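Trainee: after the sequence you'll find the predicted model.
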Amino acid sequence: MMNVLTAKYDFSDKLLKVVLSGEIDHHSARALREEIDTKINSLMPEMLVLDLKNISFMDSSGLGLILGRYTKMKEHGGALKVINPAAGAARVLKLAAADKVIPIEWTEEKNQ
Amino acid sequence: MKKKVLNETDLSFPAKSVNESFARYAVSSFCAQLDPTIEELSDIRTAVSEAVTNAIIHGYKEDCNGIVYINVKVCEDRTLIIKVRDKGCGIADIQLAMTPLYSGDPSGERGGMGFSIMETFTDDLSVCSSIGKGTTVTMIKRLSD
């Protein structure tokens, strides 16, 4: 029922892709934030892509996580985009108008 | 107008962040008796998650000796009343706290959208708070027929 948040990383051509699965809330976001920041600091990507297709739940903590990484990437002169947000995550992003700041792309068919 | 209460439950747990997922699933499981849509269930989970996270982070400043109290009422006309209460520090300026993008957390890692999400994902939101005594967030959600 409750699924743990996990991240899979893929780095090539200065692009760091992070495929997230599970639920993003205040509890799970905290550990993930440190994990992603460690990757950013060591790999110094120019583009951070967050794939949210397997995110089954996201509240405003997820928004904080994404906006925080967006700021961090900009500070390094890099960029961030979100791809394939699942329905719930997409609603939260839209509500906060985060979709006006952060590019969101669908590279796969929406599964709903 | 007061609605007739058909069913009710209470739960309480320590203000540990690991309980955020427990809280939203416990409330949505209780609401399942009204056979809500997937979207309605998702709204309830998200709103409860925001309220409980606020209680833990802001009400109790992550002191897990604090207890978060939730009361859920299933009322006539497919209406749910969800109360999330803490006996924490209270909110000095409720209007400011409810301003979109305002965050009481200086780390900048919070979206400042908790109350906005609760407001959007429910039909009615009210906040009662008293400094040093705590905060009660009451959310009303009417489910489609």
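Mentor: Now that the structure is in, tell me what you want to look at.
Trainee: just the residues contacting the lowest-mean-pLDDT helix or strand in chain A, thanks.
Mentor: Least confident helix or strand of chain A, by mean pLDDT, DSSP states H and E, is helix A:87-95 with a mean of 92. Residues from elsewhere that reach helix A:87-95, judged by CB atoms under 8 Å, 6 or more residues apart in numbering or on different chains: A:24, A:52, A:55-60, A:62-63, A:66, A:82, A:85, A:99, A:102, A:104, A:112, B:39, B:42, B:46, B:113, B:116-117, B:120. Backbone N, C-alpha and C define where each C-beta goes, glycine included.
Trainee: longest helix anywhere in chain B?
Mentor: The residue-count maximum for a helix in chain B (DSSP state H) belongs to helix B:38-54.
Trainee: correction: chain A
Mentor: Per DSSP H, chain A has its longest helix at helix A:26-43.
Trainee: so, low pLDDT: which residues of chain A?
Mentor: Within chain A, the stretches with pLDDT under 70 are A:1-2, A:110-112.
Trainee: oops, could you answer that again for chain B instead?
Mentor: Looking at chain B by pLDDT under 70, you get B:1, B:108.
Trainee: enumerate every residue touching residue 82.
Mentor: I'll assume chain A. Contacts of A:Val82 by CB under 8 Å, 6+ apart are A:49-50, A:52, A:66, A:93, A:102-105.
Trainee: that was the other one, I meant chain B.
Mentor: With the criterion set at CB under 8 Å, 6+ apart, B:Ile82 makes contact with B:27, B:44, B:47-48, B:51, B:70-73, B:122, B:138-141.
Trainee: thinking again about what came up before, which other helices and strands contact the longest helix of chain B?
Mentor: strand A:47-58, helix A:60-75, helix A:87-95, helix B:19-31, strand B:67-75, strand B:79-86, helix B:114-121, strand B:134-142 (3 or more CB pairs under 8 Å, 6 or more residues apart in numbering or on different chains; DSSP states H and E).
Trainee: for it, list every residue counted as buried.
Mentor: B:40-54 (16 or more other CB atoms under 10 Å in any protein chain shown).
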